[in-house]
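Trainee: What would the 3D arrangement of this be:
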Amino acid sequence: MKQSLPVASPRIFPFVLELIVFISGALVMVYEVTGSRILAPYVGTSIIVWTSIIGIILGSLSIGYYLGGRLADARPHVGGLAFLLFVAALLIAVTAIFKEIILQSVGRAGFDIKTTALVASTLLFAPASIILGMVSPFAVKLKLSALNTSGATVGMLYALSTVGSIVGTFLAGFYFVPTFGVSTILFLLSLTLLLLSFILAPKQLLLAKAVFATIFVGGSIFGDTLTSQAAFYDNAIDISTTYNRVLVRESERDGRPIREMMIGNEHSSAMFLDGNDLVYEYTRFYHLARHFFPDFKSGLVLGGAGYSFPKSFLQTYPDAKLDVVEIDPGLTEIAREYFNLPDDPDLTIHHEDARTFLNTTDKKFDVIFGDAFNSQYSIPFHLTTKEAVQKNYDILTDKGVVILNVISAVEGDRGKFLRAEYATYKSIFPHVLVFPVRDNQYGDRVQNIILVASKNPQLPPSTSSDSEINRYLAQYWSQEIPLDMPILTDDYAPVDYYISQILKDL
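Mentor: Below is the predicted model of the structure:
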């Protein structure tokens, strides 16, 4: 004889609970993936950020599972589930409307990057995630009609939730994030939960739902205008690509008008609006190529972004060919539209990860320019390792050279990354030289540092008749760099830890 569970609930349409469990599982993952884009302009997209988001959301879901089970036992009514969906919709809408204000407030608190990521993730994502975690156990309670089928019912519902999470992950990464802005995605999540709440209990909380709908419509229309980061800059355009959230804005530098690209709250690329010279000093050091390899004929740039140096390369070396590897085709489109990237027969662009390009290309290059990790916040570790450096070495011609941009100090804890990368290149190349861009006297200063690794057994003179090149050569770090850091490898490359050492005192 079956024992029915006492569920005080009006009749539920067939498969509605299954649909709710499936959709809520999907929404959690869309929320999580979108969360990385929300935090990116303030703390980047490093493993520290992903660890914080995943950890906080998993912890919040666990709390939600426990509380949802307790609440379902106490009030097993469909109206309770409808109310949870309504509250989750409200909290996600709050995240959409106030995310920038919350992030700016946390950023001004002076925390290190780990604490900032954890606090921001908690404030932004924990409340809604707790409520979403309560949905599955509540649905299970409503669905159970006989004790002898409880195992199958629980298994089926949690399988649906997991399948929903898989679908949500793919939808977020492959469609939603590249197609919509983060605020639009959050409002879509909120709207979906509100509709589910209405389907479950159309007559419940009518006034509250009406008020919320009004707030929702206003927030969805004006939220980005009022609170997006773009609103805090003049003439800013906020663009989401497959890989990045990008701000394009106009400002001034040294009294001259510039247009710049910001990725992850950092200045990634820029161009003067009244001239063709390079804006950022470190990019000018790439012209050391003509000192270490006179008359080079081919170059490879790892990392395009706004294509500042590739444009300068094409103008300065009309007899040379250039390949650029840029993982994000959206950045290339932005560069074409806003940064005057030309269609040039001497320029070949590859939209793929720089490491996979290094692994598979059969082309040879005279010079490789490394600019794929010009951010302090998120560095692709797989481009820093001995295996990656070996690939660079292998695709260089006999006297080829790598010119690499690194953000680090030289000495102390804040110089660990530079010294680790220096040791890694020294393990492959016969000559490795270091040129701090701004200050070659004080090794504890965090700055752009140009690392030059030459395959040529013979180095050129330490001075040049070219006054521009001579100015860059004068920045040579003549002091000994100790080999006190382990070589970076694909198996062991604690790059994010080294970067946290740089950021903690800044």
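Trainee: close enough to count as contact, residue 331 and residue 303?
Mentor: No: here residue 331 does not reach residue 303: they are 9.4 Å apart, not a contact under Cβ atoms under 8 Å. Backbone N, C-alpha and C define where each C-beta goes, glycine included.
Trainee: In terms of neighbours, single out the busier of those two.
Mentor: residue 331 (28 against 25; other Cβ atoms under 10 Å).
Trainee: Give the closest residue to the more buried one in space, chain neighbours not counted.
Mentor: Leaving out its chain neighbours, the residue that sits closest to residue 331 by Cβ to Cβ, 6 or more residues apart in numbering is residue 305, at 5.6 Å.
Trainee: ok, which stretches of this structure are strands?
Mentor: 237-240, 245-253, 256-263, 266-272, 298-302, 321-325, 347-350, 365-370, 396-408, 431-436, 447-454 (DSSP state E).
Trainee: Compile the ones you listed into CSV and extend it with columns for mean neighbour count, distance to residue 32 and mean pLDDT.
Mentor: CSV is the format used below for these (neighbours: other Cβ atoms under 10 Å; distance: least, Cβ to Cβ, whole Å; pLDDT from 0 to 100):
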stretch, mean neighbour count, distance to residue 32, mean pLDDT
strand 237-240, 18, 16, 80
strand 245-253, 18, 16, 88
strand 256-263, 20, 21, 90
strand 266-272, 21, 23, 87
strand 298-302, 25, 30, 96
strand 321-325, 22, 29, 97
strand 347-350, 16, 30, 97
strand 365-370, 24, 32, 97
strand 396-408, 21, 28, 95
strand 431-436, 21, 39, 97
strand 447-454, 22, 33, 96
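Trainee: Would you mind giving those as TSV with distance to residue 104 added?
Mentor: Putting those into TSV (distance: least, Cβ to Cβ, whole Å) gives the following:
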stretch	distance to residue 104
strand 237-240	15
strand 245-253	14
strand 256-263	15
strand 266-272	16
strand 298-302	33
strand 321-325	34
strand 347-350	35
strand 365-370	33
strand 396-408	23
strand 431-436	32
strand 447-454	26
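Trainee: I'd like the distance between the residue nearest to residue 247 when sequence neighbours are not counted and residue 370.
Mentor: Distances taken as Cβ to Cβ, 6+ apart place residue 262 nearest to residue 247, at 4.2 Å, with adjacent residues excluded. Using Cβ to Cβ, to the nearest Å, residue 262 is found at 21 Å from residue 370.
Trainee: Ok, residue 294 next?
Mentor: 21 Å.
Trainee: So what touches stretch 156-175?
Mentor: If you take Cβ atoms under 8 Å, 6 or more residues apart in numbering as the criterion, stretch 156-175 is touched by 17-18, 21-30, 32-34, 136, 139-140, 143, 185.
Trainee: how about 7 Å then?
Mentor: Contacts with stretch 156-175, where a contact means Cβ atoms under 7 Å, 6 or more residues apart in numbering, come from 18, 21-30, 33-34, 136, 139-140, 143.
Trainee: Drop anything exposed from these.
Mentor: Buried by 16 or more other Cβ atoms under 10 Å: 18, 21-30, 33-34, 136, 139-140, 143, out of these.
Trainee: The residue nearest to residue 331 - how many residues pack around it?
Mentor: Neighbours of residue 305 (other Cβ under 10 Å): 27.
Trainee: Which pLDDT value goes with it?
Mentor: Note on residue 305: pLDDT of 89.
Trainee: now swap in residue 343 and tell me
Mentor: At residue 343, pLDDT is 93.
Trainee: Tell me how many other residues surround it.
Mentor: Based on other Cβ under 10 Å, the number of other residues close to residue 343 is 6.
Trainee: Use 226 as the first number for this chain going forward.
Mentor: That works, and once the first residue is 226, the last one we named lands at residue 568.
Trainee: which ones are touching it?
Mentor: Residues near residue 568 by Cβ under 7 Å, 6+ apart: none.
Trainee: low pLDDT regions in the stretch 326-475 of the chain?
Mentor: Applying pLDDT under 70 to the stretch 326-475 of the chain flags the ranges 370-376, 428-460.
Trainee: can we see that at 50?
Mentor: Judged by pLDDT under 50, the stretch 326-475 of the chain has its weakly predicted residues at 371-372, 446-457.
Trainee: the helices in it, which residues?
Mentor: Chain-ordered helices for the stretch 326-475 of the chain, with DSSP state H, counting those that start in this stretch as the definition, fall at 338-368, 375-396, 402-404, 407-425, 431-452.
Trainee: Which strands or helices does the third one pack on?
Mentor: It stands for helix 402-404. When contacts are defined as 3 or more Cβ pairs under 7 Å, 6 or more residues apart in numbering; DSSP states H and E, helix 402-404 packs onto helix 241-268.
Trainee: Repeat that for the first one.
Mentor: With contacts defined as 3+ Cβ pairs under 7 Å, 6+ apart, the packing partners of helix 338-368 are helix 241-268, helix 272-299, helix 303-332, helix 375-396, helix 720-728.
Trainee: Distance to residue 706 for those - can I get that in CSV?
Mentor: Converted to CSV, the helices and strands packed on helix 338-368 look like this (distance: least, Cβ to Cβ, whole Å):
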stretch, distance to residue 706
helix 241-268, 30
helix 272-299, 27
helix 303-332, 33
helix 375-396, 43
helix 720-728, 15
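Trainee: and those helices, which one is worst for confidence?
Mentor: helix 720-728 (a mean of 79).
Trainee: Just the angle for that one relative to helix 338-368, thanks.
Mentor: Interaxial angle, helix 720-728 versus helix 338-368 (axes from the mean of the first three to the mean of the last three Cα atoms, to 10 degrees): 130 degrees.
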